[in-house]
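A.B. asks: Dropping the sequence and predicted coords here.
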2 protein chains.
Amino acid sequence: MTLDEILEEMKIAKTIVILTHESPDGDAIGSSLALQLVLEKFGKEADVIIPEYSRLFSFLPGTDKIKKESNIKNYDLAISVDNADLKRLAQKEYFENATKTINIDHHGSNNMFADLNYVNPVSPACCETLAGIFEYFQIDITKEIGSCLMAGIITDTGGFRHSGITPETFEFTAELIRKGVNIQDIYKRTLRTKTKANFLLTKKVIDRMEILENGKITFTYITMQDEEEVQAEPGDHEGLVDIGRDIEGVEVSIFIRQNKEKTGYKISMRSGNYVNVSDICFMFGGGGHPRAAGAFIQGNIEQVKEKVLKEVKKSL
Amino acid sequence: MTLDEILEEMKIAKTIVILTHESPDGDAIGSSLALQLVLEKFGKEADVIIPEYSRLFSFLPGTDKIKKESNIKNYDLAISVDNADLKRLAQKEYFENATKTINIDHHGSNNMFADLNYVNPVSPACCETLAGIFEYFQIDITKEIGSCLMAGIITDTGGFRHSGITPETFEFTAELIRKGVNIQDIYKRTLRTKTKANFLLTKKVIDRMEILENGKITFTYITMQDEEEVQAEPGDHEGLVDIGRDIEGVEVSIFIRQNKEKTGYKISMRSGNYVNVSDICFMFGGGGHPRAAGAFIQGNIEQVKEKVLKEVKKSL
């Protein structure tokens, strides 16, 4: 079985690097840190390389050891977590230069880019996929490992609310509470707490919200100028796309955010019941889940808005 | 044991009424409807009297049978659910005129106002207290009963996030999912969905948000004029108090809302880590939980604001 081979590779590798996708969310960070802690139990000091992430996650055990880059050019083993496509892997050169590669994920759209691939699309979070793997490895999940896993499960399920969440997710959560994992604290820090900058961006996003197509579509945006004005840090735009989606009757919410180079906009989409936003984003070279997806489109705000709205309207 | 006496009273009563607190939330409505369904299993047609509630809850089984008032003046048995104080009970005359009374609740501040009182302050929701009671009664929890209970648990825990939530809550949730209860649907309808009016009030509340005392207190408000302007219905102000609480560094969020008669403001308060807002609200004749409480203060907005802020500042 793949998991036996994965375990074997982890045990023989002398140098290991853990990588995840760009703009890492809680599941990406939680997965990376949980895996690092488990590898420690095998006597391995794995490097976690994440160039930048929201400081809301800095309370998690092991974030002090996260590296932006490494001196090691050729790792024995590179492990990608929570990442569906090699193109989206942050610092992917470490992955490309590694002797052996592993890909652990939960995205249905994962294109199996590693030597060993373990993808469970039924898991609502990569951290839940990892929990299953750790159980198979007969690893005792400590409070620290549990906290990292919980951060991923809570954020990727939007606080136990997205479709795809299973009875096992709730049972695993109960088990972790009994082990001393502070669910409330993790929930609050990762999902509820808004930085001041995020609050100010929320204000802008709400003021600009357009409700279109008889209330079925919402559209809003932020520019680089907005982000500079509120001194936004990485992650400060998190959750803004959900605001439109949560209005009664809305099927698709669209949130677009200018890229740093000001050459175009990152598109984030959420859907309510039936529109497959992953399919729409795929047309623009992006992807994701049926109810939550993203892409990038070059152009100014009017051009990008027109392109996106045209496709979304067709899908209603 | 009290529960045996409660069961006995339910079995001997010919006419039963179920009542709950004013401005009923999901836990109040879910508790009432779940209890009504359970009483049906005993062959009892109990009346649920709730004068007004948010239409977001109208998907719950049994809402079509909710009454605003009743022809029966003297019920054999009146049961109050999720209500800490007789003063706050909606249509309390039915309770006062009943031959026998029962009080089932989870508020620590409950003042035991009935003939038989069963209060479990460890429960994060009255619906969880009821789940325990139903288990003791050896009632099989159907999908319908489970949906009502889940509506209360999800709303009163803010979507599994408030302190006080237990491993049992998560295990019970897992059990209900296996019984076919659609957690995601309930979550979305009761907690995430914002009516258009609620969205427009959110916009006002955010635009007016004052961040005070080095970012430890937030203050915001809505008036009756605002509510008329957006054509607000009952429940459309739900969740507005949480917006301030979720900003990083905020300990107390204050949201005040003018009453219909325009004689004063209803105060809602949330706290983050240490301020007991229930104590503060108690000084103004209100109450609640340590992290979520409310009260009413007469006066215009400046007077009310000054009074509340003075007390909150002392508590920091």
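C.D. replies: Everything's here; your move.
A.B. asks: and the stretch 51-200 of chain A, which of its residues are near chain B?
C.D. replies: Those residues of the stretch 51-200 of chain A that sit near chain B, judged by CB under 8 Å from any CB of the partner chain, are A:159-163, A:165-168, A:170-171, A:173-175, A:177-178, A:183-184, A:187-188, A:191-196, A:199. Bear in mind the C-beta positions are built from the backbone N, C-alpha and C, glycine included.
A.B. asks: Filter those down to the buried ones.
C.D. replies: A:159-163, A:165-168, A:170-171, A:173-175, A:177, A:183-184, A:187-188, A:191-196, A:199 (16 or more other CB atoms under 10 Å in any protein chain shown).
A.B. asks: picking that back up, taking the residues of the stretch 51-200 of chain A next to chain B one by one, which sit in helices?
C.D. replies: Counted as lying in helices by DSSP state H, out of these, are A:167-168, A:170-171, A:173-175, A:177-178, A:183-184, A:187, A:196, A:199.
A.B. asks: Just the residues contacting stretch A:230-244, thanks.
C.D. replies: Contact with stretch A:230-244 is made by A:23, A:25, A:52-57, A:158, A:194-198, A:200-202, A:205-206, A:209, A:218-220, A:222, A:226-227, A:250, A:253-255, A:257, A:268-270, as judged by CB atoms under 8 Å, 6 or more residues apart in numbering or on different chains.
A.B. asks: Among those, name the ones in strands.
C.D. replies: A:218-220, A:222, A:253-255, A:257, A:268-270 (DSSP state E).
A.B. asks: What is the subsequent helix or strand relative to the lowest-mean-pLDDT helix or strand in chain A?
C.D. replies: Within chain A, no helix or strand scores below strand A:287-289, which has a mean of 83 by mean pLDDT, DSSP states H and E. Downstream of strand A:287-289, the first helix or strand assigned by DSSP states H and E is strand A:292-298.
A.B. asks: picking that back up, buried subset of the contacts of stretch A:230-244 as a ChimeraX selection?
C.D. replies: To isolate the buried ones among those in ChimeraX, judged by 16+ other CB under 10 Å, type:
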select /A:23,25,53,54,56,57,158,194,195,196,197,198,200,201,202,205,206,209,218,219,220,222,226,227,250,253,254,255,257,268,269,270
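A.B. asks: Domain map for chain A?
C.D. replies: Residue ranges for the domains of chain A, per automatic domain parsing: A:2-192, A:196-315.
A.B. asks: Name the stretch among these that sits most buried.
C.D. replies: Among those, domain A:2-192 has the highest mean neighbour count (mean count of other CB atoms under 10 Å in any protein chain shown), at a mean of 20.
A.B. asks: In contact with the closest residue to chain B within the stretch 1-150 of chain A, which residues?
C.D. replies: In the stretch 1-150 of chain A, no residue comes nearer to chain B than A:Leu56, which is 8.1 Å away by CB to the nearest CB. The neighbours of A:Leu56, taking CB under 8 Å, 6+ apart as the test, are A:189-190, A:193, A:195, A:235.
A.B. asks: how about CSV for these, with pLDDT added?
C.D. replies: Output for the contacts of A:Leu56, formatted as CSV (pLDDT from 0 to 100):
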residue, pLDDT
A:Arg189, 90
A:Thr190, 90
A:Thr193, 84
A:Thr195, 90
A:Gly235, 84
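A.B. asks: Let me know the outermost residue of chain A.
C.D. replies: Going by CA atoms, centre = their mean, the residue of chain A most distant from its centre is A:Asn214, 31.5 Å out.
A.B. asks: ok but it is inside a strand, no?
C.D. replies: No. A:Asn214 sits outside any strand when classified using DSSP: H, G, I helix; E, B strand; the rest coil, being coil.
A.B. asks: and it, what is it in contact with?
C.D. replies: With CB under 8 Å, 6+ apart, A:Asn214 has these contacts: A:Gly249.
A.B. asks: cool, A:Val304 as well?
C.D. replies: A:Val304 makes contact with A:256, A:264-265, A:267, A:297-298 under the criterion CB under 8 Å, 6+ apart.
A.B. asks: quick one: average pLDDT of the host helix or strand of it?
C.D. replies: Applying DSSP H and E as the criterion places A:Val304 in helix A:301-315. The average pLDDT for helix A:301-315 rounds to 97.
A.B. asks: With just CA atoms, put it into PDB.
C.D. replies: Only the C-alpha atoms of helix A:301-315 are listed here, as PDB (Å, rounded to 0.1, in the frame of the first residue of the first chain):
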ATOM      1  CA  ILE A 301     -10.800  45.800 -12.900                       C
ATOM      2  CA  GLU A 302     -13.500  46.400 -15.600                       C
ATOM      3  CA  GLN A 303     -12.000  43.700 -17.900                       C
ATOM      4  CA  VAL A 304     -11.700  41.100 -15.200                       C
ATOM      5  CA  LYS A 305     -15.100  41.800 -13.900                       C
ATOM      6  CA  GLU A 306     -16.700  41.500 -17.300                       C
ATOM      7  CA  LYS A 307     -14.900  38.200 -18.000                       C
ATOM      8  CA  VAL A 308     -15.900  36.600 -14.700                       C
ATOM      9  CA  LEU A 309     -19.500  37.800 -14.700                       C
ATOM     10  CA  LYS A 310     -20.000  36.500 -18.200                       C
ATOM     11  CA  GLU A 311     -19.100  33.000 -17.200                       C
ATOM     12  CA  VAL A 312     -20.800  33.100 -13.800                       C
ATOM     13  CA  LYS A 313     -24.100  34.300 -15.400                       C
ATOM     14  CA  LYS A 314     -24.000  31.300 -17.800                       C
ATOM     15  CA  SER A 315     -23.800  28.900 -14.900                       C
END
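A.B. asks: could you give the angle of it to strand A:217-222?
C.D. replies: 160 degrees (axes from the mean of the first three to the mean of the last three CA atoms, to 10 degrees).
A.B. asks: coming back round to it: out of the contacts of A:Val304, flag the one nearest to B:Gly287.
C.D. replies: The shortest gap between B:Gly287 and any of the contacts of A:Val304 belongs to A:Ile256, at 45.3 Å (CB to CB).
A.B. asks: quick revisit: could you report the pLDDT at the residue farthest from the centre of chain A?
C.D. replies: If you check A:Asn214, the pLDDT there is 96.
A.B. asks: ok, it to B:Leu201 distance?
C.D. replies: Note on A:Asn214: its distance to B:Leu201, by CB to CB, to the nearest Å, is 21 Å.
A.B. asks: and what of A:Asn110?
C.D. replies: 42 Å.
A.B. asks: sorry, back to before: kindly reformat the contacts of A:Val304 as TSV and extend each row with pLDDT.
C.D. replies: TSV is the format used below for these (pLDDT from 0 to 100):
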residue	pLDDT
A:Ile256	97
A:Gly264	97
A:Tyr265	98
A:Ile267	97
A:Ile297	97
A:Gln298	97
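A.B. asks: Which secondary structure state does A:Tyr94 sit in?
C.D. replies: A:Tyr94 ends up helix, using three-state DSSP.
A.B. asks: Excluding chain neighbours, what is closest to it?
C.D. replies: A:Val17 (5.0 Å; CB to CB, 6 or more residues apart in numbering or on different chains).
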